[in-house]
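> take a look and give me a structure for this.
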Amino acid sequence: MSRLLIALAILLPSVGQTQDWSLYDDLLAQYVTPAERQGVTHNRVNYQALAQDPRYSQMLALIEDFPVTQLQQRDAKLAFYINAYNILAIKMVIDHLPLQSIRDAGSWFSPVWKKPAGTIDGRSVTLDEIEHAILRPMGESRIHFAIVCASLSCPNLRPEAFKAERLELQLEEQTREFLNDNSKGLAVAGNRVRVSQIFDWFAEDFATAGGVEAFVRRYRELPADMSLRANLPYIWSLNGE
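Next comes the predicted model:
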């Protein structure tokens with residue numbers, strides 16, 4: 001019996017393995033700060049300083065060689081790929097500094113989202129692939145308030161890593177924060193309600209919640225006879241200094 005327990009103790013750590021995000025936590029805490037620009041509240045990223053930090057390459061290594069096949073639990077996989085998207089969006093900006101918008105790293109014929117962004121588990125990936133081929137098929141609509149495309153009108157980059165054991169709380173906080181931000185999430189004028197264009201671009205992802213209107217009502221008290229439009233201006237200016 002004791003030999004069996006010893007064998008299990010050796011094998012179990014590799015089953016459902018999760019990432020240690022403490023270094024990423026430290027960098028986010030140091031280089032992400034609240035700010036306001038162009039009338040939009042956001043969490044500003046000091047990309048220039050982060051690029052010079054010797055821990056920056058270590059941050060990239062967190063995802064470059066991690067064996068993703070060992071992410072057996074749904075929340076562990078969600079947390080990993082949300083963090084991976086945000087890390088590689090940061091990398092995309094740093095790789096192309098100086099720029100005014102992350103979209104400047106691409107072109108009309110070669111959008112930034114479809115350009116190689118970095119490496120996960122030894123394989124080159126794009127931001128588009130992480131979002132559309134991995135995260136969205138997992139059926140969690142709140143990812144749209146957790147992944148950050150380095151722009152003012154994106155949801156705020158959370159100043160801590162997403163973690164499997166806290167993911168539900170973190171996703172709820174991100175969603176509630178975004179939908180209570182009148183500058184980019186949801187604005188009310190009488191019975192007219194305007195929400196981020198995210199709800200237009202990804203409307204189908206909110207179907208399981210009863211649609212966009214039912215989803216936003218979970219987080220805001222809104223007029224019963226409201227007219228809802230997903231047409232708040234989306235400002236693509238960089239969320240950086």
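> need the strands for the chain, in chain order.
32-37, 40-45, 116-120, 123-126, 186-189, 192-195, 227-229 (DSSP state E).
> mind checking which of the ones you listed is nearest Ala51?
Closest approach to Ala51 among these (C-beta to C-beta): strand 40-45, 10.6 Å. C-beta coordinates here come from the backbone N, C-alpha and C atoms, glycine included.
> which residues does the closest one contact?
Applying C-beta atoms under 8 Å, 6 or more residues apart in numbering, the set of residues contacting strand 40-45 from outside is 31-37, 90, 93, 150, 152-154, 156-159, 181, 183-184, 235, 239-241.
> filter these down to the buried ones.
Applying 16 or more other C-beta atoms under 10 Å to the contacts of strand 40-45, the neighbour count classes 31-32, 35, 90, 93, 150, 152-154, 156-159, 181, 183-184, 235, 239-240 as buried.
> thinking again about what came up before, mind putting the strands of the chain into JSON lines with distance to Leu71 and mean pLDDT?
Formatted as JSON lines, the strands of the chain follow (distance: least, C-beta to C-beta, whole Å; pLDDT from 0 to 100):
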{"stretch": "strand 32-37", "distance to Leu71": "25", "mean pLDDT": "97"}
{"stretch": "strand 40-45", "distance to Leu71": "26", "mean pLDDT": "97"}
{"stretch": "strand 116-120", "distance to Leu71": "11", "mean pLDDT": "98"}
{"stretch": "strand 123-126", "distance to Leu71": "14", "mean pLDDT": "97"}
{"stretch": "strand 186-189", "distance to Leu71": "33", "mean pLDDT": "97"}
{"stretch": "strand 192-195", "distance to Leu71": "32", "mean pLDDT": "98"}
{"stretch": "strand 227-229", "distance to Leu71": "36", "mean pLDDT": "97"}
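> so for Asp65, which of these sits nearest?
When these are ranked by proximity to Asp65 (C-beta to C-beta), strand 116-120 comes first, at 8.2 Å.
> so what pLDDT did the closest residue to Gly122 other than its chain neighbours get?
Nearest residue to Gly122, sequence neighbours excluded (C-beta to C-beta, 6 or more residues apart in numbering): Asp65, at 6.4 Å. Model confidence at Asp65, expressed as pLDDT, equals 91.
> I figured Asp65 hits Asp121, correct?
Yes - with contact taken as C-beta atoms under 8 Å, Asp65 and Asp121 are classed as touching, separated by 6.9 Å.
> of the two, who's got more company?
Neighbour totals were compared for Asp65 and Asp121, and Asp121 leads with 15 against 11 (other C-beta atoms under 10 Å).
> now the more buried one: phi and psi?
phi 50, psi 40 (degrees, to the nearest 10).
> for the residue lying closest to it once chain neighbours are set aside, give its distance to Met138.
Excluding the flanking residues, the one nearest Asp121 by C-beta to C-beta, 6+ apart is Val68, at 4.7 Å. Remark: distance between Val68 and Met138 (C-beta to C-beta, to the nearest Å) = 13 Å.
> residues near Arg103, how many?
Summarising burial for Arg103: neighbours were counted as other C-beta under 10 Å, giving 17.
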